[in-house]
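Q: Predicted model and sequence below, questions to follow.
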Amino acid sequence: MSVTNQLDLGETIDLPQSTVNEVVSTAGVTVASLPAPVPQSPAPPPVARPAKPRAEPKLSADRPAALLVEGSGAGLSDQTYSLLRQRLRSTSLLLSAGLFAFFVSRLFSVDELSSTLDWVTLGMHGAVTLITAFVGWRLCRNCIYVTTNSRMTELLIFGSVGIFFAMVSYTVLLAGAQRGFVATIAPMWMVLIFTYALFIPNSWQRAATVIGIMTITPITILLFVKLSTSGFEALVTRHSYLQQGLLDSVMVLLLSAAISIWGVHMVNSLRREAFEARQLGQYQLRRRLGSGGMGEVYLAEHLMLKRRCAVKVIRPDRAGDANTLARFEREVRATAQLTHWNSVEIFDYGRAADGTFYYVMEYLPGMNLEEIVRMHGPMPQDRILHLLTQACEALREAHEQGLIHRDIKPANIFAAHRGGIYDVAKLLDFGLAKPMTLPDDPQLTQLGMISGTPHFMAPEQALGESPDERSDIYSLGVVAWYLATGRLLFEETNPLKV
């Protein structure tokens, strides 16, 4: 069974009229009376035992108290790690491709390699190319070690490339001094700095540390070669423009580092704003599950409990007016009083700062009955009885509390997977009609004078009269017909003709 959520669908077989009558008659009537409990002798009182002193939790030295990624706040850890893995994959593949291109071009001038240091540098070039390519390949294959040690993978990628660049910088500076010029080493380090800033999610403090190391390394190599190599020192002293060139290189590296760190800070600010924009109260919206004329349903997660839930969002500009939102709020309060396990549980609601009204429901893995019928055809008789009997029990509690559903249809009955049990029926959307999103789709709830879905609503409801319990029972009978035959009771595509 696939996993969706509070949207629409079902599976099937032919159902005789007697079965339909049996299901319909169940609503409002107790399905089965429970036997009287068998009296039992009272259990002996428990023996009191001295309470054990509560041990204080100990934090392991090699395990952090909280799994937070640098640059993330509350609720951002999982998202940041996922983003980091994706960026590391892209970075390693791009760096390996660039290193490979330069390695191949270097092979064409292998005759110019005159010293042992040149050969060592070439060998290291090939080794770093293989390392970055291997890491990228393992990331593409979702290697457990690589994906669960993202920061170590980051260190391996940028550390190996940084060491290689340091060796190349030292080599080209020495070679340039021997030939009477000062080689430029700033561009390769700028590429590494900007690659790190653009691809790796970080706090600006951590980025400043890493980028600072990348900036100080070439400057240190420049100073070391200048002080330790007499030919280099003499060359720079003899030509003043070379001194200015070295100063310009240092200034460019420092400027690149400052721009990169500021860019990381700006990106983090934008990411946090986007994170907060997808937050309603204590709930972080993950992805949209569906939408209708009044709003959308999102898969969400409680920021502290990390509990998945479904959040229905009703935008003030799509609800019509303040009275409509107030009616929804009253109905949500009433629905929240329902305690039957076959009614969807609503455990929170509220308003956002912009006036958006939302309420929070339990998240239901499974499919609705309309989806099942569309995918698998008519349902078997036993399965129909099993699902609709549960729906009848949920309706009975609602009717006893004076709640009329008004929109009983296959899309509002969910076959959920709860507690290891399949086909747990859940009745959705009490009193909250789902408006039509497309004018020519008769399956969706009409918005206006009539609340309900035309193909499943009772005649008095279609005439604009006030519905009562019998309207829900009629709609449930039409649902039983649909589940048994896989067809609508009335085939008209025009809702007004229905």
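A: Happy to help now that I have it. Residues are numbered from 1 along each chain as shown.
Q: ok so Ser184 is a strand residue?
A: That one is not Ser; residue 184 is Thr. No. Under DSSP: H, G, I helix; E, B strand; the rest coil, Thr184 sits outside any strand and is assigned coil.
Q: For Gln390, which residues are in contact?
A: By CB atoms under 8 Å, 6 or more residues apart in numbering, the contact set of Gln390 is Asn342, Val424, Ala425. In this view, the C-beta of every residue, glycine as well, is placed from N, C-alpha and C.
Q: what's the burial count for the spatially closest residue to Leu192 that is not a sequence neighbour?
A: Among residues not flanking Leu192 along the chain, Met214 sits closest, at 5.7 Å (CB to CB, 6 or more residues apart in numbering). By other CB atoms under 10 Å, 24 other residues sit near Met214.
Q: Mind checking which of the contacts of Gln390 are buried?
A: When those are checked for burial by 16 or more other CB atoms under 10 Å, the buried set is Asn342, Val424, Ala425.
Q: OK, contacts around the second one?
A: It stands for Val424. Val424 sits in contact with Trp341, Asn342, Gly366, Gln390, Ala415, Ala416, His417, Arg418, where contact means CB under 8 Å, 6+ apart.
Q: Then the last one?
A: Contacts of Ala425 were listed using CB under 8 Å, 6+ apart, and they are Asn342, His386, Leu387, Leu388, Gln390, Ala391, Ala394, Ile413, Phe414, Ala415, Ala416.
Q: how much space between it and Ala208?
A: If you measure Ala425 against Ala208 using CB to CB, to the nearest Å, the figure is 56 Å.
Q: before we move on, what about the first one?
A: If you measure Asn342 against Ala208 using CB to CB, the figure is 56 Å.
Q: Strands of the stretch 201-350 of the chain, start to end?
A: 279-280, 283-291, 295-302, 308-314, 346-351 (DSSP state E, counting those that start in this stretch).
Q: err, the stretch 51-200 of the chain, not the other one
A: Using DSSP E, counting those that start in this stretch, strands in the stretch 51-200 of the chain do not occur.
Q: For it, give me the ranges with low pLDDT.
A: Scanning the stretch 51-200 of the chain for pLDDT under 70 picks out 51-81, 144-148.
Q: in it, which spans are helices?
A: Assigned by DSSP state H, counting those that start in this stretch, the helices in the stretch 51-200 of the chain fall at 77-107, 116-140, 144-148, 150-179, 186-199.
Q: In TSV, list those along with mean neighbour count.
A: Listed next are the helices of the stretch 51-200 of the chain as TSV, based on neighbours: other CB atoms under 10 Å:
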stretch	mean neighbour count
helix 77-107	17
helix 116-140	17
helix 144-148	14
helix 150-179	18
helix 186-199	19
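Q: so which of those helices comes closest to Gln401?
A: Of all the helices of the stretch 51-200 of the chain, it is helix 77-107 that lies closest to Gln401, at 39.4 Å by CB to CB.
Q: So which of the buried ones among the contacts of Gln390 is the closest to Ala258?
A: Val424 (58.6 Å).
Q: Make sure the closest one is indeed in a strand.
A: Yes. Under three-state DSSP, Val424 sits within a strand.
Q: measure it to Met214 for me?
A: Look at Val424 and Met214: by CB to CB, they are 56 Å apart.
Q: Please apply the same query to Gly486.
A: Distance of Gly486 to Met214, given as CB to CB: 65 Å.
Q: Val297 too?
A: 46 Å.
Q: what does Tyr363 give?
A: Remark: distance between Tyr363 and Met214 (CB to CB) = 44 Å.
Q: before we move on, what about Leu198?
A: In this view, Leu198 and Met214 are 13 Å apart by CB to CB.
Q: With Leu338 instead?
A: For Leu338, the distance to Met214 - CB to CB - is 60 Å.
Q: and what of Arg271?
A: 22 Å.
Q: for the helix or strand hosting Ser475, packing partners?
A: Using DSSP states H and E, Ser475 falls within helix 469-485. If you count contacts as 3 or more CB pairs under 8 Å, 6 or more residues apart in numbering; DSSP states H and E, helix 469-485 packs onto helix 17-26, helix 369-376, helix 381-400, helix 459-462.
Q: center of this protein - which residue?
A: Centrality entry for the chain: nearest residue to the mean C-alpha point is Arg286, 4.2 Å, by CA atoms, centre = their mean.
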